[in-house]
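In: my questions are about this predicted structure, shown below with the sequence.
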Amino acid sequence: MSVVVLTNDDGIHAPGLAALEKALGELGDVYVVAPEREQSTCGHALTLHRPLRPHRLAERRFAVNGTPADCVNLAVLGFLPAPPVLIVSGINHGANLGDDVTYSGTIAAAMEGTILGVPSIAVSLVDGGDFDVAGRVARLIAMRVLVSGLPPRTLLNVNVPAQPPLGIRLARLGNRVYLDKIVEQADPRGRSHYWIGGGDPQWDSLEGTDMGAVHEGFVSLTPLHLDLTNHRAMMQLDDWPAGLTAQLRGETARPPRRAAATPPTRKPRRG
Ligand code: MN
């Protein structure tokens with residue numbers, strides 16, 4: 001059977017991951033390769049400066065001293081007997097909507113899978129929701145992806161509402177309005193420290209967005225790609241390069257500075 005990999009950012013012992021395992025157990029040879037401890041909001045971090053040591057907890061369960069993206073690297077690039085045909089990340093404890101996707105380790109795992117050419121899905125459940133329900137949603141969508149595939153370089157971001165879902169909606173990412181302030185406190189020695197990320201999130205127009213769908217009781221299904229280019233802005237900035245190039249040439253027409261002693265070294269891979 002084909003290898004299916006499950007991972008998450010809440011850690012190998014998280015109930016959301018157990019629910020995913022239960023729901024997807026029969027979709028293939030299911031392997032769990034997940035961080036040994038919680039990595040929420042770690043984003044797309046990779047561990048390049050210390051070794052990764054997977055611990056085998058069961059025949060097909062591995063806890064890794066790294067990030068979700070590390071786990072996907074191991075799983076896809078040779079740690080398992082065969083590369084996976086599908087990666088499912090989650091079920092995250094809490095929604096991953098709108099701009100917040102950029103912080104999410106859950107979504108970064110699916111991004112890493114996508115970069116490495118494996119169809120990938122991220123699944124998150126709004127706080128207070130039912131993991132069994134989210135597991136059923138994950139299973140339906142995973143089966144559809146196995147049958148139909150995904151568009152090139154595209155991952156799916158799935159959010160399940162807290163109430164039993166009314167249906168499944170395609171939705172774009174919403175925009176979060178950040179009104180948060182840092183919270184300053186004093187420690188017992190009178191030194192200041194700070195907390196970020198307090199306060200309830202607020203959103204602008206919900207029409208057509210993932211937040212809107214979840215707010216109305218639907219599962220949101222958002223296809224994401226890794227092209228962060230703002231194509232509309234390319235047109236708006238269309239006349240910048242000519243002017244900037246002229247300025248650059250004007251500056252570089254001055255006497256050349258002393259050449260660097262050594263050429264910059266290339267790093268062996270991204271970092
Ligand atoms: Mn998480």
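Out: That came in fine, so what should we check first?
In: in stretch 67-77, which residues are buried?
Out: Applying a neighbour-count criterion of 16 or more other Cβ atoms under 10 Å, one finds 67-76 buried in stretch 67-77. In this view, the C-beta of every residue, glycine as well, is placed from N, C-alpha and C.
In: please apply the same query to stretch 46-53.
Out: Neighbour-count burial for stretch 46-53 [16+ other Cβ under 10 Å]: 46, 52.
In: that one: end-to-end distance?
Out: The straight-line separation of the ends of stretch 46-53 (Cα to Cα, to the nearest Å) is 14 Å.
In: ok, stretch 71-81 next?
Out: Start-to-end, stretch 71-81 (Cα to Cα) is 15 Å.
In: neighbouring contacts of that stretch?
Out: 3, 5, 7, 31, 33-35, 46, 52, 54, 62, 64, 83-84, 87, 109, 112-113, 116-118, 120 (Cβ atoms under 8 Å, 6 or more residues apart in numbering).
In: the stretch 1-150 of the chain against the ion: which residues are in contact?
Out: Within reach of the ion by Cβ under 5 Å from the ion, the stretch 1-150 of the chain has these residues: 9-10, 40, 92.
In: so which of the residues you listed wins on neighbours?
Out: Asp9 (32 neighbours; other Cβ atoms under 10 Å).
In: which parts of the protein are helices?
Out: All helices of the chain, identified by DSSP state H, fall at 15-24, 68-76, 105-115, 131-148, 210-215, 231-236, 240-252.
In: for those helices, which one sits closest to Leu155?
Out: helix 105-115 (4.3 Å; Cβ to Cβ).
In: that closest one vs helix 68-76, what angle?
Out: 40 degrees (axes from the mean of the first three to the mean of the last three Cα atoms, to 10 degrees).
In: related to what we said a few turns ago, so of the residues of the stretch 1-150 of the chain next to the ion, which ones are in strands?
Out: Per DSSP state E, strands hold the following members of these: Asn92.
In: from the residues of the stretch 1-150 of the chain next to the ion, which is closest to Pro241?
Out: Among these, and counting by Cβ to Cβ, the member closest to Pro241 is Asp9, at 39.2 Å.
In: out of the buried residues of stretch 67-77, which comes closest to Glu251?
Out: Ala69 (39.5 Å).
In: most widely separated two among the residues of the stretch 1-150 of the chain next to the ion?
Out: Ser40 and Asn92 (7.7 Å).
In: shared neighbours of these two, anything?
Out: 9-10, 104, 106.
In: ok, which pair from these is furthest apart?
Out: With Cβ to Cβ as the measure, no two of these lie farther apart than Asp10 and Ser104, at 11.0 Å.
In: show me what contacts Leu20?
Out: 6, 8, 88, 90-91, 123, 135, 138.
In: can you give me the distance of Arg144 to Leu228?
Out: From Arg144 across to Leu228, the span is 27 Å (Cβ to Cβ, to the nearest Å).
In: more neighbours: which of those two?
Out: Using other Cβ under 10 Å as the criterion, Arg144 and Leu228 rank with Arg144 on top: 14 against 6.
In: and the more buried one, what pLDDT?
Out: We have a pLDDT of 98 for Arg144.
In: next up, the contacts around it.
Out: Contacts of Arg144 by Cβ under 8 Å, 6+ apart: none found.
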